[in-house]
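Next one to model:
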Amino acid sequence: MFRKMRRWKQQLTESECVEILCREPRGVLAVSGDDGYPYAVPLDFVYQDGRLYFHCAGEGHKIDAVRRCDKATFCVMDAGERTPGEWWLTFRSVIVFGRVRILDDRAEVLARVRDLGLKYAAPDYVEKELQNDGKRVQCLELTVEYMTGKRVRER
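The predicted model follows:
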């Protein structure tokens, strides 16, 4: 169903992919948008046990797209490294294929959004934000069906 990587020598292991998903702060979620156009949006996220979580508003382009079609991809890439004296960059990227669902249970929404917030901010700040906006926040869960990673050396 999913294509194998053509340049298999550059393929990352599953553990390397997970490490990137746990470490990197942002990625791009791509869904099937309006009128058949792809819709890709940069998002903060948290990875936990084969799932990615994103916070969002309860309505908008992402939510409408997910309601129409739950298939999505998510791409993350690290900052890369430049060898001293060389012009090219070596970076690693991960692409996740899976299905997205809108979390319905408010306790689960708040728990996942809390986990996401703690990736980026101090606990007291996260709790304050949840008290202020917790009633309005929504959460998407992307369950990983297939994941591939690649080490790219631009040259």
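
going forward, measure contacts between C-alpha atoms and count neighbours the same way
OK.

Could you tell me which strand of this structure is the longest one?
Using DSSP state E to define each element, the chain has its longest strand at strand 138-153.

next helix or strand past the worst-scoring helix or strand of the chain on mean pLDDT?
In the chain, the helix or strand scored least confidently by mean pLDDT, DSSP states H and E is strand 81-82, which has a mean of 87. Note on strand 81-82: by DSSP states H and E, the next helix or strand toward the C-terminus is strand 89-102.

which residues touch the residue nearest to Lys150 when sequence neighbours are not counted?
Distance criterion Cα to Cα, 6 or more residues apart in numbering; nearest residue to Lys150, sequence neighbours excluded, is Gln11 at 4.5 Å. Gln11 is in contact with 5, 148-151, counting by Cα atoms under 8 Å, 6 or more residues apart in numbering.

And Thr148, how close does it get to Arg67?
26 Å (Cα to Cα, to the nearest Å).

and if you look at Gly134?
Distance of Gly134 to Arg67, given as Cα to Cα: 22 Å.
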